[in-house]
Structure formats: C-alpha cells, structure tokens
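1. Give the three-dimensional model of this entry:
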Amino acid sequence: MTPSSVPPPASPGAPFPQNPVRRLTARRRDEAHRVSSPLELFFDLCFVVAIAQAGVQLVHSVAGGRPGQGVLDYAMVFFAIWWAWMNFTWFASAYDNDDVLYRVVTLVQISGVLVLAAGVSRAFDRHEFLLVWLGYAIMRVAMASQWLRAAGSATGPERSMDRRYAYGILLCQVGWLGLVVLPQSARPWVFLVMAVVELCVPLYAERAHSTSWHPHHIAERYGLFTIIVLGETIAAATAAVRSGADEHDALGSLLPIAAGGLLIVFSAWWIYFVVPIHGHLRGGGNPFLWGYGHYFIFSSAAAIGAGLEVAVEQAVGKAHLSAPAAAAAVTLPTALYLLAVWLLHARHYKAGIGQQLVLPVTALLVLLCTFLGDRAVLATGIVTAAAVATGVTLTARSSGRPRHGTPAPAA
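-> Below is the predicted model of the structure:
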C-alpha cells in the first residue's frame with residue numbers, strides 16, 4: 001500500500017542522485033520489470049559461504065560416526081543463515097531504495113554472515129556458539145535498523161508494522177543468548193523455542209498491515225538462491241571426487257557416485273523450475289507457508305552435496321560408516337527436497353492423480369535406494385531423472401489431449 005506520489009527508487013547500478021540518502025518508502029507491488037539487484041546477488045553469494053561451511057562440518061560429523069549430533073548442529077546453524085537471508089529478501093522486495101545508507105547497512109549484514117561462517121566449525125566441534133551468535137546478532141541488528149528507518153518514513157498501520165518487526169528482532173537476540181550462556185544439554189531446547197518465536201515475529205508484525213513485496217521479485221530471489229545452493233552442491237561433490245581419485249586411486253568406485261550426483265542435482269534443478277513459481281504467489285498462495293517451507297528446500301539441497309561427500313569418503317575407506325548409512329546421507333535429503341518442492345508449489349500445477357503422484361512416489365523410491373549399498377547414489381540419480389522424464393511425458397500428454405468440443409492441436 002504505497003502512495004502514488006512516492007517516486008520509484010533508482011534502478012540498481014544507476015548513478016546516485018544529488019542526495020545519496022533518500023527516504024526509505026515502500027515500493028509498489030505491481031511495479032513493472034522488477035528484478036534482483038547486483039547487491040542482492042552479492043548478498044546471496046556471501047551467504048553461500050556460510051552454507052558451504054555448514055556442509056563441510058556436516059560431512060565431518062556424519063563421516064566421523066556422529067550423524068545425530070551433526071544433523072542437529074546443521075539444522076541450528078542453517079536456520080540462522082536461512083532466516084537472516086529470508087528476512088532481508090522480503091524486506092528488500094518491499095523497501096529497497098538502493099541509496100548509500102541502504103547499501104552500507106546491507107554490507108554490514110554481509111559482514112555478519114561472514115562472522116557466523118567463521119564460527120561454524122567451533123559450533124560443530126566444540127559446541128561453542130559465541131561467534132555464530134555474534135554474526136547472527138550483527139545481521140539482525142542491522143536488519144532492525146532498516147525496519148526502524150522504514151518506520152520513520154511511514155504512517156499509520158505501516159509504521160506500526162515496521163516497528164513491530166524491529167522490536168521483535170531485537171528482543172529475539174536476547175533469547176538467542178541462551179545458546180552461549182546455558183549448558184549444552186539445554187541448547188536444543190533454546191533453539192526450538194527461539195526458532196518458533198522468530199517465526200512468529202512476521203505473523204505478529206503483519207497482523208494489520210502487509211509489506212508490499214513483489215511476487216515476481218520474490219520468486220526470482222528464491223529461484224536464484226536455489227541455483228546457487230545447487231551449484232555449491234556440485235562444487236562440493238566435485239572436490240570430493242577429485243580428492244578421492246587423487247589420493248586413493250579409486251576412480252572406478254567414484255564414477256557411479258559422480259554420475260548419480262550429477263543426475264540428482266540436474267533433476268533437482270529441473271523439478272524446482274518446471275512450474276511458474278511466481279504464479280502461485282500472485283494467485284493468492286500463502287506467502288508465509290511458501291517462504292517458511294523453503295527452509296527444507298534450501299537445507300536439503302545443501303545437504304545433498306554433503307551427503308555426496310560422505311558417500312565418496314565411504315567409498316575410499318575414510319568414513320566410519322556402512323554403505324547403507326553413507327547412502328542415507330544422500331537419499332534422505334533428496335527425498336526431503338522432492339517432498340518439499342511438491343508440497344510448496346509443484347502440486348498446485350499438476351493435473352490428475354498421475355501427475356500428482358510423480359514426486360511423492362519418487363521420494364519413496366529414493367528412500368528404497370538406500371539399501372542398494374555402493375550403487376545407491378547412482379540408483380537415486382536414475383530414479384530422479386526418470387521422475388523428470390515421467391513428468392515431462394505426462395504433462396505433454398495432458399496438454400496435447402483435446403478438450404471437449406475442441407479439435408486436437410497440430411503437431
């Protein structure tokens with residue numbers, strides 16, 4: 001809900017006007033040609049650094065025979081990374097004016113995620129969350145300052161919403177101190193409680209007024225971040241295969257893992273982008289459910305890369321795991337990814353029971369691949385690729401089938 005008299009912000013990359021600091025006002029939801037800015041892309045790349053660190057530590061934990069603790073630590077660290085990224089993304093979609101102050105505060109947030117990334121290894125190895133908390137606090141305090149700045153230019157319900165966001169974020173930072181000062185046994189409960197509280201802040205803040213986020217821009221931002229995370233998965237798996245081949249001369253046992261991993265990642269990309277993501281948001285889909293649900297998409301996509309590294313280490317004899325356990329490090333996040341994509345938006349574009357069942361059945365088959373031992377990763381890749389082929393075939397048949405009273409389209 002933006003007054004029509006508010007001028008649109010300068011396009012990203014354009015020279016600054018005479019006044020480099022401008023009012024931070026809401027942008028229009030129907031703004032034409034809204035795309036991601038270079039600053040947003042830079043923001044994403046820096047956040048992937050932290051995701052990569054979390055993936056490396058997850059590999060060490062799982063390969064070292066501590067999968068339960070490793071998954072718990074990964075879920076906690078990834079939540080901090082994802083939540084800070086998501087809050088910035090939705091705020092930027094509604095308020096980005098690309099002036100000097102906005103850029104500087106965003107760069108401060110980037111510095112925060114780099115501090116967080118530096119503390120990931122301590123969080124996994126020593127269960128010390130001081131650097132993780134500090135990096136998260138830097139990001140969140142900077143985010144709160146952006147909301148307060150927006151409140152200074154807003155009136156009525158919009159100002160109340162902006163202030164609720166800012167004060168809610170700042171209060172949550174006090175609660176997160178429990179990860180630093182409380183004993184290790186209490187930290188999982190601190191994480192659970194504080195994660196719920198964080199998720200409730202937007203619900204409370206937007207009770208009477210909603211931000212003017214842009215559906216196409218949000219869909220593009222989430223899609224680009226998915227691509228970056230999948231790219232990090234490929235990079236991690238490639239490095240693992242190269243290291244295994246160079247140090248252990250086990251190319252024969254690594255080739256099936258490499259081939260299966262590529263098929264999994266290629267299929268994951270295809271399945272995510274096969275439907276128009278922004279259409280569901282523009283058509284009245286629940287933005288909170290859609291946005292929050294991407295925690296499972298992003299975390300599972302990144303975990304696939306970690307799982308491929310675990311499979312490589314098991315194949316060359318460096319992991320203290322059985323073949324099915326190493327396979328589960330790949331099949332479980334792959335199945336979670338498939339189900340999450342289906343639940344969040346793919347199912348809204350599937351016609352008929354056949355199309356609707358493709359991804360859930362594929363997730364089940366992927367889980368069954370766990371018991372195939374050394375060939376589990378390759379089998380998982382074949383299954384996911386077959387799911388893509390099946391979906392394409394069913395969609396083509398459905399679109400080519402003539403409707404009642406209309407002739408079939410020409411080939």
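2. isn't Ala26 right next to Ala92, touching?
-> No - using C-beta atoms under 8 Å, Ala26 is not in contact with Ala92; the gap is 11.8 Å. For the C-beta atoms, the positions are set from N, CA and C on the backbone; glycine is no exception.
3. Check which helices and strands the top helix by length along the chain sits against.
-> Determined from DSSP state H, the single longest helix within the chain is helix 215-248. When contacts are defined as 3 or more C-beta pairs under 8 Å, 6 or more residues apart in numbering; DSSP states H and E, helix 215-248 sits against helix 38-63, helix 67-95, helix 251-273, helix 277-282, helix 287-315.
4. Including mean neighbour count and mean pLDDT, could these go into CSV?
-> Converted to CSV, the helices and strands packed on helix 215-248 look like this (neighbours: other C-beta atoms under 10 Å; pLDDT from 0 to 100):
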stretch, mean neighbour count, mean pLDDT
helix 38-63, 21, 92
helix 67-95, 21, 93
helix 251-273, 20, 89
helix 277-282, 19, 69
helix 287-315, 24, 92
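5. Could you dump those into a markdown table and include distance to Val132?
-> Conversion of the helices and strands packed on helix 215-248 to a markdown table gives the following (distance: least, C-beta to C-beta, whole Å):
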| stretch | distance to Val132 |
| --- | --- |
| helix 38-63 | 9 |
| helix 67-95 | 6 |
| helix 251-273 | 28 |
| helix 277-282 | 31 |
| helix 287-315 | 16 |
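6. Between these, which one is closest to Leu224.
-> helix 38-63 (6.3 Å; C-beta to C-beta).
7. Could you measure from Asn19 over to Leu39?
-> Asn19 is 19 Å from Leu39, where distance means C-beta to C-beta, to the nearest Å.
8. quick revisit: of the helices and strands packed on helix 215-248, give the one that comes closest to Ala219.
-> Comparing the helices and strands packed on helix 215-248 by C-beta to C-beta, helix 277-282 comes nearest, at 3.5 Å.
9. Tell me if I'm right that Leu224 and Leu41 touch.
-> Yes - assessed by C-beta under 8 Å, Leu224 is found in contact with Leu41 at 7.1 Å.
10. now the closest residue to Gln314 other than its chain neighbours: how far from Asn286?
-> For Gln314, ignoring the flanking residues on the chain, the nearest one in space by C-beta to C-beta, 6 or more residues apart in numbering is Ala326 at 3.6 Å. Separation of Ala326 from Asn286 (C-beta to C-beta): 37 Å.
11. quick one, which of the two is more surrounded?
-> Ala326 (27 against 12; other C-beta atoms under 10 Å).
12. Tell me the confidence at that one?
-> Turning to Ala326, the model gives it a pLDDT of 90.
13. That one sits in which helix or strand?
-> According to DSSP states H and E, Ala326 maps onto helix 323-344.
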